[in-house]
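> Can you look at this prediction? I've put the sequence above it.
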Amino acid sequence: MKVIVTGGAGSIGCYVVKKLLERGDEVLIIDDFNDFYDPEFKRFRLNAMLSGLPMPKIEEVDIKNEAEIDRIFSEFIPDKVIHLAAWAAVRPSVENPLLYTQANVDGTVNIFQASQKNKVKNVVFASSSSVYGRNFTPPFTENVACDTPIAPYAASKRSGELYAWMFNYLYDLPIICLRFFTVYGPWIRPDMATWKFTEKIHKDEEIPVNKFTPEGKEVKRDFTYIDDIVSGIISALDKNSNFDIVNLGNDDPVTLSRFVSAIEAGLGKKAKIVEKLLPIEEAAVTAAELTHAREVLDYEPETSIEEGIKKFVDWYLSTFIKEFPEGLKKSNYF
């Protein structure tokens, strides 16, 4: 099977590409290697993760470039598409709303349009738990009306879902939208709390922990280990869904105290915690209702936060510090 993976050099994309290659699929990566975080880390990660496998063709193209996307699709003629490319993270989107809208809405429409023109059998679209905002009682079910996003990133992902429904309605393009819940694991993005907290605790620096909302509500996150997310993506790819929206989470909302304790256990060091209030652009609790995912994808997360954090910390100490002793180039976005 021929599969295009947009964002294939990203922290989720690398894992997906690896899994596809291991099972014998022909893969083409579309990735612009932008500077949200160090592009050299992205290249190193891709080469490291795909070592020993046939390197797929890589097109360094911005998904907003309609002419180039049309060329790539018409030349490769994919059977299926996994659309992961996006500008991610909630807080930077508040400072850069136009950037996020252009990449995540215009770029997504461009990918859907090229898929429709080339009669792609199925598109898997990476959405986000951010679309739920703050107005629902957890756990979140896919059938609630997500019409009150609280940050540009959330609005851009909800817009992508709406365009997915429209392309399915107008053109019978099968699209399944997967709402990811706080993905973590080795090689993840360095802006994620798992990475930032591990780094600061390792260096004996203070960590700001947004434990409560201004209303006094305790913050919880449904952290989902990368292997579990990838299993859901591959299952969605193999299922020729007409149109669907499916949560991919861990079914175990974690308090930030438990999260930090897991990192402390992995490092064998205590954190220097500075408690702060949660910014208004972030949800207080994320929790995935997984009944639908189990029914349509046979999805079952297997990795606890303690197991997953241990794997990340081991990777950070044994691989990252060894390969990047000076750390990564500073980002302009976080």
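That came in fine, so what should we check first?

> all contacts plus neighbour counts: C-alpha atoms, from now on.
Fine.

> Residue 245 looks like it's in a strand, true?
Yes. Looking at residue 245 with DSSP: H, G, I helix; E, B strand; the rest coil, it is inside a strand.

> How about it: what's its closest non-neighbour residue?
In space, and not counting its chain neighbours, residue 245 is closest to residue 177: 4.6 Å by C-alpha to C-alpha, 6 or more residues apart in numbering.

> ok, which stretches of the stretch 51-200 of the chain are strands?
Along the stretch 51-200 of the chain, counting by DSSP state E, counting those that start in this stretch, strands occupy 57-59, 80-83, 122-128, 175-180, 183-184.

> packing partners for the longest one?
Right, the one you point to is strand 122-128. Where contact means 3 or more C-alpha pairs under 8 Å, 6 or more residues apart in numbering; DSSP states H and E, strand 122-128 is packed against strand 80-83, helix 152-171, strand 175-180, helix 226-238.

> picking up where we left off before, can you redo the strands of the stretch 51-200 of the chain as TSV, where the extra columns are mean neighbour count and distance to residue 328?
Below are those laid out as TSV (neighbours: other C-alpha atoms under 10 Å; distance: least, C-alpha to C-alpha, whole Å):
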stretch	mean neighbour count	distance to residue 328
strand 57-59	15	23
strand 80-83	24	26
strand 122-128	26	26
strand 175-180	26	26
strand 183-184	23	18
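
> which residues sit in contact with the closest residue to residue 72 other than its chain neighbours?
Excluding its sequence neighbours, the residue lying closest to residue 72 (C-alpha to C-alpha, 6+ apart) is residue 59, at 8.0 Å. Residues counted as contacts of residue 59 (C-alpha atoms under 8 Å, 6 or more residues apart in numbering) are 28-32, 72.

> what's the neighbour count on residue 67?
Neighbours of residue 67 under the rule other C-alpha atoms under 10 Å: 11.

> and residue 282, what does it touch?
Contacts of residue 282 (C-alpha under 8 Å, 6+ apart): 90-91, 133, 150-151.

> Compute the distance between it and residue 204, please.
Residue 282 is 27 Å from residue 204, where distance means C-alpha to C-alpha, to the nearest Å.

> Residue 303 looks like it's in a helix, true?
No. Using three-state DSSP, the secondary structure at residue 303 is coil, not a helix.

> what's near enough to touch it?
Contact analysis of residue 303 by C-alpha under 8 Å, 6+ apart lists 224-225, 228, 250.

> Including distance to residue 298, pLDDT and neighbour count, could those residues go into JSON lines?
JSON lines is the format used below for the contacts of residue 303 (distance: C-alpha to C-alpha, whole Å; pLDDT from 0 to 100; neighbours: other C-alpha atoms under 10 Å):
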{"residue": "224", "distance to residue 298": "16", "pLDDT": "98", "neighbour count": "26"}
{"residue": "225", "distance to residue 298": "17", "pLDDT": "98", "neighbour count": "26"}
{"residue": "228", "distance to residue 298": "12", "pLDDT": "98", "neighbour count": "18"}
{"residue": "250", "distance to residue 298": "14", "pLDDT": "97", "neighbour count": "28"}
